[in-house]
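Peer 1: compute the structure for the input listed below.
(chains A and B)
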Amino acid sequence: MTIDKSRTPRPTLGPRRHRPTRGYRIFQVVNALILTGVVVVTLYPFVNIVARSLSENAYIIAGQVNLVPRGFNLDTYQLVMSDPLFWTNYRNTVVYTVVSTIIAMVLTVCYAYVLSKQHLRGRTALVGIAVFTMFFTGGLIPNYILVTSLGLRNTIWAVALPNAISVFNLLVMKAFFEGLPVELEEAAAVDGLNTYGTLLRIVLPLSKAMVATMLLFYAVSFWNSWFTAFLYMDRLELFPVTVYLRNLIAGATDATSVGSNAGDVVQSAATIQSVTIVLTVLPILIVYPFIQRYFVSGVTLGAVKG
Amino acid sequence: MSTPRVAEPPTDAPGAGRAAARPVARRTRPPSRSWRRSLRRDWQLYSLAILPLLFFLIFRYLPMIGNVIAFRRFEPGGNVFGEYWVGLRYVRLFLSDPTFWHVFTNTLVLGALTLLFCFPLPIMLALLLNEVRTRALKQFVQSVSYLPHFLSIVIVAAMVMQLLSVDGTVNQLVRSVGGDPVQFIQQSEWFRTIYVSSEVWQTVGWGTILYLAALTHIDDGLYEAARIDGANRWRQTWHVTLPGIRPTMMTLLILNIGTFMAVGFEKILLIYNPLTYPTADVIATYLYRVGIVSGNLSYAAAIGLFEAVIGLTLVLSANAISRRTVGTSLW
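Peer 2: Numbers count the residues shown, from 1 in each chain, chains lettered A, B, ... in the order given. The predicted structure follows:
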């Protein structure tokens, strides 16, 4: 061993233990700059949208709003929030998300639990049935015909049922269940619990963190989805807020392609867009710092265990 | 209770018989018998699988069968599987449809560009993050870079529109260097750049997760050995780190190739417009317009089936190639 610095580094950081060379120090600086760049580029659109949503129209049209709102006002927020359709659609998003997530969660947990039982006859076939759908799907048109002919149009089921199980989530959940100690379930069987009892009273309580992660995965994806609702809902008051926003964007592009002399209308549409974006993304931004960690562990778990 | 071995006797009759009866049964009885026995023993487990299986059957496998309407004539309000056989009529139709070849090319170009950028960039970012010594800093950069992954595609599209609008930040930059504002969204030559860069913005951070996890599993002893052999950090990265994450790289590459044809349909649908069709229109958006908007369901289904078969072929071959050459595969 060469003479080590008095500052003892953490022993786990194997590759970093040796004395940094000059070239490596330069690299560290460059690296820090690159990563700062990544952070700035990632965050900029958010800051910009917030600034635009709080600015006065005139400044936006003049192209003067970047990081800081100019002509600070909350008028557009008032305007958007006074639209009853916005609130109806916002509430729809909440309802769709909750119902869809519950259905998805129940189905995923049940199937993952079954798949995690190594001794089960036909288990490979059951896994195969699920995994095959990752690589081959019916496609848009047959799905559309199916949902339509099942009479699910304009109902919440058109959103909740066709996407109820995400195979990826299913496999992560299965891997987690496989990692649970078998002895606990055997003990539960000794104590007279049947399969349902074991799942509800032993396995699920042990998997709280995992279940929470999956709940969040599903909830975020349902919160964010727009296309199914767009496809299967015909009435404005049934749309989730994402489709509300989509209609705003579509309206704005139509207006600009017609002619840029209608500038004023277009621009106020742009401010309304910014406000709607902020309001739609807000719940996710608020919970993000708390949930982000779970997602990471969820994904990594799935990857490491297969 | 503390010793799991006592577990057999108290369970119900079929369970108790399992250990003793199985070897005998396998020799003397046909396999259908043991199926019956597993059903009796595990019926509760199987019952849990019923609803999920129904889901897969109805919402995943039925649409696959529903693809027969690609070979049958579908009439709105008529039979779900179409009225009568028309054979390969619709396949021939799209093969001779110039728009189809146009959107096919666009799909390939966008798919290739996405693969080119969205596959290697997360690896680089993960390697850079791995060199950060300050834990808090690393954590912060990671948290920030994951964020876009959690946004709705509608939000991303709306942000893209705002940034690229005539009064948006990008045009302010253009103006500040003396250029004239550009209507990026309306110009087909900008579409690919916009699509790929927004895709990178949204996926790169999240893409690093698996690599970072894989990096922590590399044996420190390998670095030690490499250092003793006189490898500098660059060589260590090249000879230890990269081979260490190769299985992860291959897995993700196969998955990426599998989704090659399914380029971000939703995003394109949100940000394209008739002016940008020359570069933006892909198979998925074309079949959406043909099928859902114009109601040519059979024709659109034929296109969709074609796309799905190519996708499946791509995954299967990527997987096979990977298994032969690198020894890693998805299955």
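
Peer 1: spit out the contact partners of whichever residue of the stretch 1-150 of chain A sits closest to chain B.
Peer 2: As assessed by C-beta to the nearest C-beta, chain B sits closest to residue A:138 within the stretch 1-150 of chain A, at 2.3 Å. Where you see a C-beta, it was placed from the backbone N, CA and C, and this is true even at glycine. Contact criterion C-beta atoms under 8 Å, 6 or more residues apart in numbering or on different chains gives A:146, B:60, B:61, B:62, B:63, B:64, B:65, B:66, B:67, B:308 as the residues in contact with residue A:138.

Peer 1: switch to 10 Å and redo it
Peer 2: A:144-146, A:162, B:59-67, B:301, B:304-305, B:308 (C-beta atoms under 10 Å, 6 or more residues apart in numbering or on different chains).

Peer 1: write a PyMOL command that selects only the buried members of those residues.
Peer 2: This is the PyMOL syntax for the buried subset of the contacts of residue A:138, where burial follows 16 or more other C-beta atoms under 10 Å in any protein chain shown:
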select buried, (chain A and resi 144+145+146+162) or (chain B and resi 59+60+61+62+63+64+66+67+301+304+305+308)
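
Peer 1: so which of the contacts of residue A:138 sit within helices?
Peer 2: In helices, judged by DSSP state H, the following of the contacts of residue A:138 are found: A:144, A:145, A:146, B:62, B:63, B:64, B:65, B:66, B:301, B:304, B:305, B:308.

Peer 1: any chance of the residues you listed in JSON lines, with distance to residue B:211 and pLDDT too?
Peer 2: Formatted as JSON lines, the ones in helices among the contacts of residue A:138 follow (distance: C-beta to C-beta, whole Å; pLDDT from 0 to 100):
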{"residue": "A:144", "distance to residue B:211": "37", "pLDDT": "91"}
{"residue": "A:145", "distance to residue B:211": "41", "pLDDT": "90"}
{"residue": "A:146", "distance to residue B:211": "38", "pLDDT": "91"}
{"residue": "B:62", "distance to residue B:211": "38", "pLDDT": "92"}
{"residue": "B:63", "distance to residue B:211": "34", "pLDDT": "91"}
{"residue": "B:64", "distance to residue B:211": "34", "pLDDT": "91"}
{"residue": "B:65", "distance to residue B:211": "39", "pLDDT": "89"}
{"residue": "B:66", "distance to residue B:211": "39", "pLDDT": "87"}
{"residue": "B:301", "distance to residue B:211": "38", "pLDDT": "90"}
{"residue": "B:304", "distance to residue B:211": "33", "pLDDT": "90"}
{"residue": "B:305", "distance to residue B:211": "35", "pLDDT": "91"}
{"residue": "B:308", "distance to residue B:211": "29", "pLDDT": "88"}
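
Peer 1: and which of those is nearest residue B:98?
Peer 2: Distance to residue B:98, by C-beta to C-beta, is smallest for residue B:304 among the ones in helices among the contacts of residue A:138, at 18.9 Å.

Peer 1: sorry, back to before: now tabulate the ones in helices among the contacts of residue A:138 in TSV and tack on distance to residue A:168.
Peer 2: TSV is the format used below for those (distance: C-beta to C-beta, whole Å):
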residue	distance to residue A:168
A:144	23
A:145	26
A:146	22
B:62	21
B:63	19
B:64	19
B:65	24
B:66	24
B:301	26
B:304	22
B:305	24
B:308	18
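
Peer 1: of those residues, which is the nearest to residue B:208?
Peer 2: For the ones in helices among the contacts of residue A:138, the nearest to residue B:208 is residue B:308 (29.8 Å; C-beta to C-beta).

Peer 1: could you measure from the closest one over to residue A:138?
Peer 2: 8 Å (C-beta to C-beta, to the nearest Å).

Peer 1: next: residue A:171.
Peer 2: Counting by C-beta to C-beta, the gap from residue A:171 to residue A:138 is 20 Å.

Peer 1: what does residue B:36 give?
Peer 2: For residue B:36 relative to residue A:138 (C-beta to C-beta), the value is 34 Å.

Peer 1: how many neighbours does residue B:95 have?
Peer 2: 12 (other C-beta atoms under 10 Å in any protein chain shown).

Peer 1: isn't residue B:133 right next to residue A:25, touching?
Peer 2: No: with contact defined as C-beta atoms under 10 Å, residue B:133 does not reach residue A:25; the gap is 11.2 Å.

Peer 1: spatially central, which residue of chain B would that be?
Peer 2: residue B:259 (4.8 Å; C-alpha atoms, centre = their mean).

Peer 1: contact partners for it?
Peer 2: Contacts of residue B:259 (C-beta under 10 Å, 6+ apart): A:134, A:135, B:111, B:114, B:115, B:311, B:314, B:315.

Peer 1: got phi/psi on it?
Peer 2: Here is the backbone geometry of residue B:259 (degrees, to the nearest 10): phi -100, psi 10.

Peer 1: where does the chain have low pLDDT?
Peer 2: Here I'm looking at chain A. A:1-20, A:252-268, A:300-306 (pLDDT under 70).

Peer 1: try again with chain B
Peer 2: B:1-33, B:331.

Peer 1: no further queries at this time; thank you.
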